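# coordinates for the following, if possible.
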Amino acid sequence: MSGRISLVAVVLASVFVPGLAADLPPRKLSALIVDGMNNHDWERSTRILASILRESGRFTVDVATSPPAGAPAERWQEWKPPFARYDVVIMNFNGGHTDNGQHWPRALEQDLEDYVRGGGGLVSYHAANNSFPRWPAYNQMIGLGWRDKSFGPSLVVSEDGKVVTIPPGTGRNPGHGPEHDFAITVRDREHPITRGLPRNWLHPHEQLTHGQHGPARDLSVLTYAFSKDTKENEVMDWVIPYGKGRVYTTMLGHLWKDGPDTALRCAGFQTLFARGAEWAATGRVTQPVPADFPSASHARLRPPAETAAP
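Coordinates of the predicted model:
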């Protein structure tokens, strides 16, 4: 009798399970946004970023908020975001770009290093690359940060699309002009994050950052933009492997306290951010290019994102 039951079970499994599996949506990826301090409006940007990820249909989102600056060391020792539980970690934390900025306890730094090196995904959003100038592994993971020109090399893109390395001690210190609309150029149209995007598209009301410095090793530039301040093509989005993990960095998504959220409402930014997070988590991108993606001559703004607590 048991043999007959086993045979029926095998037949049912072979006939019905594949059909059921084909109808199931892909598993949602788990994302953890890390915030708590920033010279930008991190509370509002976290809510918007969480909404972008959820609205993509690919993510569940949790938030880990750090103790405030100046909190006792005991509180920092107690704050231990569980990175390993998540497919991707989104850094929306800027503890400052100077040596006396807020660094994490060494044990927590090691936790993030181990997580990414072991295969976890990391996204550095906008000013998160300002943080941790004295943390060597973080500098390797993000590739370029808001660092003095003596810190390391910088990168620009030539007119023919080649990445040019500017040696340490030369070039420009980090900076940006006021917000304005500018064109983004997709340099790598074969990478999963940017595959299918138009070569040029218009991004609105953004600060165009220049003069980022760092180790700049194993870095692949995805997009760039011409800066009217430096007269150079400045890198905007890039990726780096770190151990078995993947890191996506974007300089886009500026949001001042009490300022407009125009840059984050851009359909181009939202598409890149959600696809970048998926790639960091899995090495693949399943999200299609949306119909409202910007063109070379027209920006596309989406309605204000949900601002409820994430």
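# so which other helices or strands are in contact with the lengthiest strand in the chain?
In the chain, with assignment by DSSP state E, the single longest strand is strand 232-242. Using 3 or more CB pairs under 8 Å, 6 or more residues apart in numbering; DSSP states H and E, the elements in contact with strand 232-242 are helix 136-142, strand 154-157, strand 209-210, strand 220-227, strand 245-250, helix 267-282. Backbone N, C-alpha and C define where each C-beta goes, glycine included.
# buried ones in the longest one?
Pointing back at helix 267-282 there. Neighbour-count burial for helix 267-282 flags 267-282 (criterion: 16 or more other CB atoms under 10 Å).
# repeat that for the fifth one.
Taking 16+ other CB under 10 Å as the neighbour-count basis, strand 245-250 is seen to contain the buried residues 245-250.
# closest to Thr185 out of those residues?
Thr250 (14.6 Å; CB to CB).
# my read is Ser124 is in a strand, agree?
Yes: under DSSP: H, G, I helix; E, B strand; the rest coil, Ser124 sits within a strand.
# who's in contact with it?
When contacts are counted by CB atoms under 8 Å, 6 or more residues apart in numbering, Ser124 touches 91, 141-142, 247-250.
# before we move on, what about Pro82?
By CB under 8 Å, 6+ apart, the residues touching Pro82 are Leu32.
# so what's the backbone phi/psi at it?
Here the main-chain torsion angles of Pro82 (degrees, to the nearest 10) amount to phi -80, psi 70.
# tell me how far it lies from Arg117.
Distance of Pro82 to Arg117, given as CB to CB, to the nearest Å: 17 Å.
# before we move on, what about Asn200?
Counting by CB to CB, the gap between Asn200 and Arg117 amounts to 36 Å.
# got it, and Arg199?
Distance, Arg199 to Arg117, by CB to CB: 34 Å.
# and what of Met37?
Met37 sits 25 Å away from Arg117, going by CB to CB.
# compare these two (neighbour count), which wins?
Ranked by neighbour count (other CB atoms under 10 Å), Met37 and Arg117 place Met37 first, with 18 against 14.
# what is the least confident helix or strand in the protein?
Every helix and strand of the chain was ranked by mean pLDDT, DSSP states H and E. The lowest is helix 2-23, at a mean of 42.
# my guess is Lys80 meets Glu109, correct?
No: Lys80 is not in contact with Glu109 according to CB atoms under 8 Å; the separation is 11.7 Å.
# in terms of neighbours, single out the busier of the two.
Taking neighbours as other CB under 10 Å, Lys80 and Glu109 compare with Glu109 leading, 16 against 12.
# wait, Ala69 touches Asn38, no?
No: assessed by CB under 8 Å, Ala69 is found out of contact with Asn38, at 10.5 Å.
# looking at those two, which one has more neighbours?
Neighbour tally, Ala69 and Asn38, criterion other CB under 10 Å: the higher count belongs to Asn38, 23 against 11.
# what helix or strand does the more buried one sit in?
Assigned by DSSP states H and E, Asn38 belongs to no helix or strand.
# so is the residue lying closest to it once chain neighbours are set aside in a helix, a strand, or just coil?
Spatial nearest neighbour of Asn38, excluding adjacent residues (CB to CB, 6 or more residues apart in numbering): Asn94 at 4.1 Å. Following three-state DSSP, we place Asn94 in the coil state.
# mind listing what Asn94 touches?
Counting by CB under 8 Å, 6+ apart, Asn94 has contacts 37-40, 42, 127-128, 130-131.
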